[in-house]
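[1] got a predicted structure here, sequence first:
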Amino acid sequence: MDSSEEELLLVLVMRRRRRRRMKTKRSLHTHPLLRDRLEKGLYYTLYDDLRQSGKKFFQYFRMSKTSFDELLENGKEAITGKDTILRKDCPCNKQKPPYWYLGAGSSMMGLHFQYRIGVSTISYIIRHVCSAIWRKMKSICFPDLSKDLWLASAEGFHKKANFPHCVGAVDGKHIRIVKPTSSGSLYYNYKNYFSILLLAVCDSTYKFLFIDVGAYGKSSDSTVFRNTVLNNKLQDGTLDLPAPKQLSLSFERPMPFMTCHLAWSVEEILRTVSEKISQTTSSALKAKCHGSCKKSKC
């Protein structure tokens, strides 16, 4: 079969599928369950009561009312629709499911029954709200990596974990996904499920300084780190890390600033920011990194 015959066959198959869709008629324009949204939807029956109690509100949405209102304002424009002849747009009801989905990990099907909104509509809302929040708050939540920022982070680790010259704690998180089509074992991780990797650098208060999202689930944290923008800046000297400094009066040799990870070799990171270090110093830093990270649960 040549290419022209394959193209013709493909066109015929697509035409047949289109005709089948046209023949399929919906029995209902709106399901009766969704019609009662204004009377029985979770927003109209529970939300006002939750606002009266800060503790219960936090337990439900996993965030304070102040943080919730801020996120609500930043994601509002992404889901503001228009009134139609069949129904009126209700942005208030559509704004709440994304934050419950992100905070508690509820399924879209669960939100469909709770808020009485279509599953496809909820999927659309979550995607667009997340995109709007990222666009508006990225520059606020992820400031430029500067020398002052690194020094402030290092001071926090020194005070809270007794770990000097540590500018950040690095770790990865597997985010479970449905296996992408024709992906083979690229997304299959050592925990025996399909995932993408979120790699993050946090300061001593558990706030993100840098993230990298989307690596294959089969990759290790160190492999992902080597391919990040952060590591590229570290290699070419544009990360703006503070210069090596003396730790104390009793330890005269200047020591470089570094990131910490339980499973990584300390020499691998130090090698890029300092000259070759002795085996004794390397072993001591390994022990310190392991102990401090466990203490701060990073």
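    Sure thing, it's come through.

[2] wait, a strand at Ile175?
    Yes. Counting by DSSP: H, G, I helix; E, B strand; the rest coil, Ile175 falls inside a strand.

[3] go ahead and confirm Lys147 touches Leu239.
    No. Using Cβ atoms under 8 Å, Lys147 is not in contact with Leu239, being 9.5 Å away. Any C-beta I mention is one placed from the backbone N, CA and C, and that applies to glycine too.

[4] look at those two and report which has more neighbours.
    Using other Cβ atoms under 10 Å as the criterion, Lys147 and Leu239 rank with Leu239 on top: 20 against 14.

[5] look at the closest residue in space to the more buried one that isn't next to it in sequence and report its pLDDT.
    The spatially closest residue to Leu239, leaving aside those adjacent along the chain, is Lys233, at 4.1 Å (Cβ to Cβ, 6 or more residues apart in numbering). With respect to pLDDT, Lys233 scores 86.

[6] and Lys233, that one's in a strand?
    No. Lys233 sits outside any strand when classified using three-state DSSP, being helix.

[7] can you report how many residues neighbour it?
    Around Lys233 there are 15 residues (other Cβ under 10 Å).

[8] could you do Asp203 as well?
    Neighbours of Asp203 (other Cβ under 10 Å): 22.

[9] that one contacts Leu209, doesn't it?
    Yes. Contact criterion Cβ under 8 Å: Asp203 and Leu209 qualify, at 5.8 Å.

[10] next, show the common contact partners of these two.
    Ser153, Gly168 (Cβ atoms under 8 Å, 6 or more residues apart in numbering).

[11] before we move on, back to that, and the gap between the residue nearest to Leu239 and Arg19?
    Using Cβ to Cβ, to the nearest Å, Lys233 is found at 55 Å from Arg19.

[12] I'd like the next helix or strand past the helix ranked longest in the chain.
    When the chain is parsed with DSSP state H, its longest helix is helix 119-141. For helix 119-141, the succeeding helix or strand toward the C-terminus, using DSSP states H and E, is helix 147-161.

[13] tell me the angle the host helix or strand of Asp171 makes with helix 147-161.
    Assigning secondary structure by DSSP H and E places Asp171 in strand 166-176. Inter-element angle recorded for strand 166-176 and helix 147-161: 80 degrees (by axes from the mean of the first three to the mean of the last three Cα atoms, to 10 degrees).

[14] my read is Ser219 is in a strand, agree?
    No. Under three-state DSSP, Ser219 sits outside any strand and is assigned coil.

[15] surely Pro180 is in a strand?
    No. Per three-state DSSP, Pro180 lies outside any strand segment and is coil.

[16] list the residues that contact it.
    Tyr187, Phe194.

[17] picking that back up, what packs against the longest helix of the chain?
    helix 65-75, helix 91-104, helix 108-115 (3 or more Cβ pairs under 8 Å, 6 or more residues apart in numbering; DSSP states H and E).

[18] burial count for the spatially closest residue to Asp221 that is not a sequence neighbour?
    Nearest residue to Asp221 in three dimensions, chain neighbours excluded: Gly172, at 4.0 Å (Cβ to Cβ, 6+ apart). Residues lying near Gly172 (other Cβ under 10 Å) number 20.

[19] and Lys23, what's its pLDDT?
    55.
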